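Visitor: my questions concern the predicted model and sequence given below.
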Amino acid sequence: MRQAGVRWMVTAAAMALVVALAPIDTPAQNGAPKDGKGKGKGKDGPGGVIAVNGVRDENLPAPPVGPTPRMPDGKPDLSGVWLSGNYSFGNIGGALPLQPWAQQLANERRATQGRDDPEAKCLPAGVPRITPYPMKLVQTPKLVVMLFEGNVHNYRQFFMDGRPHDKDLDPSWMGESIGKWDGDTLVVDTVNFNDKTWLTGGGAPHTTQLHVTERYQRPELGHLDIEITLEDPGAFTKPHTFKRQHTLSATWEIHEYVCNEFNVDSDRLVGPVQNQ
């Protein structure tokens, strides 16, 4: 591998780890832009995107402009390589409404500096947690596939063929996702999670009762808007809804990134040991 390729991977991995360990209620996590309108300004705002070198790159081309592309059946075509704004990939919509036990566990995970974060050990980030790396949507009438460049180079499948949730599936890292169209909005219903992932880099937990509903909209060519609702009667006091926006890249393709090959920080995650 070229030296430059190794350099950006290591840089991006380090940056992702730093963000992952940020507290839940930091500006990066709550996604509050500087101007209060969803569009940051200047070096402190999310005017750029997290590029493949792990930092905001203000020199990236502006997203393409044009009408919403559509499939032969008239539905919006969500396909493309999507970049997360630097306020978007960490955005969880502010502090989560955690039950006391869940808040205590999150506090303990912070106190140990994220030592046991599954994502930092190259395990799947889960849903809705994402990395600053690009992701790609591939859309067909009966299946939408979401491919992630970051971490373990994993994927999600949105089944669009009308099937119900499979009650016999074992709980999984990414859950089981069933999609359907509500007008021009793709609604994705995901259940059947294990309880191993963290909802945020700050350690917010969830249970196997986690239920994620996502509403995908492509208002025009260059942007993808997602409204996400989290429900977990085992860990939350009430449902929690927030929004993210992704920007289309017309110049970048997702690349192979095998986290395990570059996971040089895992042995350094030695936060203070809590009393057992």
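Guide: That came through, no problem. Residues are numbered from 1 along each chain as shown.
Visitor: so what sits opposite D189 in the bridge?
Guide: I178, T213 (DSSP bridges).
Visitor: surely it touches D182?
Guide: No. Using CB atoms under 8 Å, D189 is not in contact with D182; the gap is 11.3 Å. All C-beta atoms are positioned from the backbone trio N, CA, C, and that covers glycine.
Visitor: those two: which is more packed in?
Guide: Comparing D189 with D182 by other CB atoms under 10 Å, the one with more neighbours is D189, at 16 against 8.
Visitor: roughly how far does that one sit from H211?
Guide: From D189 over to H211 the distance is 8 Å, taken as CB to CB, to the nearest Å.
Visitor: so where does D117 fall, helix or strand?
Guide: According to DSSP states H and E, D117 maps onto no helix or strand at all.
Visitor: just to check, it is in contact with R109?
Guide: Yes. Here D117 reaches R109: they are 7.5 Å apart, a contact under CB under 8 Å.
Visitor: shared neighbours, the two?
Guide: Residues touching both D117 and R109 by CB atoms under 8 Å, 6 or more residues apart in numbering: 198, 203.
Visitor: the protein: helices as residue ranges?
Guide: Secondary structure of the chain (DSSP state H): helices at 3-20, 27-30, 100-111.
Visitor: these: lowest mean pLDDT?
Guide: Of all the helices of the chain, mean pLDDT reaches its minimum on helix 27-30 (a mean of 28).
Visitor: if I look at the residue nearest to T241 when sequence neighbours are not counted, how far off is G85?
Guide: Excluding the flanking residues, the one nearest T241 by CB to CB, 6 or more residues apart in numbering is T229, at 4.5 Å. According to CB to CB, T229 and G85 sit 20 Å apart.
Visitor: perfect, I'm done here.
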